[in-house]
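Q: Structure here, sequence nowhere to be found:
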């Protein structure tokens with residue numbers, strides 16, 4: 001059955017009618033079938049070799065300093081103002097990455113961010129620190145949408161989950177490295193009176209290398225059509241691979257307000273937005289206050305820094321194991337999203353309920369499963385490049401989701417109040433409630449995708465469409481920037 005254009009498709013309410021012909025795939029129609037598994041493996045390794053270090057170093061450097069060295073009694077406000085800057089900048093940043101080169105925008109932001117980090121070393125008051133934190137939040141708003149956009153341009157749907165987990169593992173790994181660095185500088189500062197305070201040294205060092213790396217990112221990071229480390233033949237190969245995801249392999253620089261409006265009638269956008277808000281409430285409090293919680297168990301400041309390292313190493317080990325799981329079984333993302341809220345629920349509930357007389361090392365042990373909810377957060381974000389089609393819609397959903405992320409983090413930080421120190425039990429109860437709601441929500445979220453996929457499959461089975469035709473027409477629709485709702489041949493990853 002050879003079809004070169006769309007025929008009118010009339011499906012259930014969740015599929016928008018599509019009429020008329022579409023463009024055929026330019027230069028790569030069916031090209032993915034021309035590549036052998038060995039060739040596909042080679043191009044994937046090349047993408048990983050060049051792309052992943054660029055985007056991982058970019059995100060890791062941002063994460064290194066975000067929540068370190070918040071001094072004084074205003075932890076909650078300094079956390080919240082960071083996310084206020086994040087929220088305000090999120091939509092303009094997504095618009096810029098839509099209109100201009102993603103690599104140029106990310107590189108420019110990175111250079112600016114490095115300068116801001118160095119400015120922290122000059123802060124000598126709460127007001128100056130709050131101002132810098134606000135602009136650092138605005139700069140950091142580029143990280144996740146930029147990363148998700150690049151993932152969608154280079155990797156197939158089945159590869160999205162594992163690549164997002166690599167990113168997450170790198171963040172956790174750098175957290176462990178940062179703990180060692182902070183400990184060394186902190187100990188030096190205590191042992192050498194009159195020396196430059198450790199937190200100033202860290203900020204000057206990280207700011208300088210971040211700005212320098214931003215120059216590299218500016219010239220070497222971008223869409224497959226723009227980068228210098230792919231030959232023309234390799235660019236065609238990358239494009240052919242991505243076409244199979246039906247989410248458009250081309251750069252689109254026009255902003256389509258119709259796709260923005262579609263976001264507000266798409267159920268999956270509400271699932272990812274509400275899920276992100278709920279799981280970000282614990283994130284906003286625990287990430288900032290975990291050091292204080294550990295200190296509240298009876299450890300001094302240097303020991304608190306050292307004790308954060310094993311927790312990060314444990315998290316990295318879990319993330320690395322899950323990378324291999326996702327490569328072997330790429331279709332279990334929502335099952336993992338539901339599951340990995342449970343260890344965090346159990347760990348923080350145990351910490352909140354254990355008697356005061358419990359040994360402090362036993363209490364410390366309850367913190368190990370806590371950070372694992374990050375698996376659920378990052379895997380939920382991996383569904384954006386997989387299941388959101390249409391370049392403007394993808395950018396808009398990223399912005400909406402990350403605004404929810406900021407709102408949740410800012411709200412969560414306020415649940416950890418100074419009067420509840422050192423155990424912060426109300427904040428812990430808020431966290432476990434959010435985790436429980438996330439587990440339930442992710443189950444309904446998966447069922448929605450299964451239901452839509454089944455309805456579409458039944459429709460085309462009744463019309464005797466074979467799988468090859470469905471894949472071909474779906475890819476053609478994707479290349480004309482059709483959204484997932486407007487492309488009846490689209491199938492949602494679960």
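A: Right, received. Where do you want to start? This is a predicted model, so every value here is computed, not measured.

Q: by contact count, what packs against the top helix by length along the chain?
A: Scanning the chain for the longest helix, with DSSP state H as the assignment, gives helix 425-462. Under the contact criterion of 3 or more Cβ pairs under 8 Å, 6 or more residues apart in numbering; DSSP states H and E, helix 425-462 touches helix 267-295, helix 333-339, helix 342-353, helix 373-387, helix 391-414. Bear in mind the C-beta positions are built from the backbone N, C-alpha and C, glycine included.

Q: Determine which of the ones you listed approaches residue 321 most closely.
A: Set against residue 321 and scored by Cβ to Cβ, the helices and strands packed on helix 425-462 come closest in helix 373-387, at 10.5 Å.

Q: ok, residue 216 - how many residues close by?
A: Counted with other Cβ atoms under 10 Å, the neighbours of residue 216 add up to 15.

Q: Name the helix or strand for it, please.
A: Under the criterion of DSSP states H and E, residue 216 resides in helix 198-220.

Q: and if you look at residue 39?
A: Counting by DSSP H and E, residue 39 is part of helix 37-65.

Q: Just the buried residues of the next helix or strand after that helix, please?
A: Moving toward the C-terminus from helix 37-65, the next helix or strand (DSSP H and E) is helix 75-99. Buried residues in helix 75-99, counted by 16 or more other Cβ atoms under 10 Å: 75-91, 93-98.

Q: gap between helix 75-99 and the chain center?
A: 15 Å (Cα atoms, centre = their mean, to the nearest Å).

Q: For it, name the packing helices and strands.
A: Counting by 3+ Cβ pairs under 8 Å, 6+ apart, helix 75-99 packs on helix 102-120, helix 126-140, helix 143-154, helix 267-295, helix 391-414.

Q: quick one: average pLDDT of the second one?
A: In this model, helix 126-140 carries a mean pLDDT of 86.

Q: picking up where we left off before, buried residues in the helix holding residue 216?
A: Buried residues in helix 198-220, counted by 16+ other Cβ under 10 Å: 198-207, 210-211, 213-214, 217-218, 220.

Q: Does residue 229 belong to a helix, a strand or coil?
A: Following DSSP: H, G, I helix; E, B strand; the rest coil, we place residue 229 in the coil state.

Q: For it, give me the pLDDT.
A: Predicted confidence (pLDDT) for residue 229: 85.

Q: Would you list the phi and psi of it?
A: Per-residue torsions, residue 229: phi -90, psi 10 (degrees, to the nearest 10).

Q: And it, how far from residue 46?
A: Applying Cβ to Cβ, to the nearest Å, the value for residue 229 to residue 46 is 8 Å.

Q: Neighbour count: the two, which is higher?
A: Neighbour tally, residue 229 and residue 46, criterion other Cβ under 10 Å: the higher count belongs to residue 46, 16 against 13.

Q: that older thread, show me what counts as buried in whatever helix or strand comes next after the longest helix of the chain.
A: Heading C-terminal from helix 425-462, the first helix or strand you meet, by DSSP H and E, is helix 467-479. The neighbour-count check on helix 467-479 (16+ other Cβ under 10 Å) flags 469-479 as buried.
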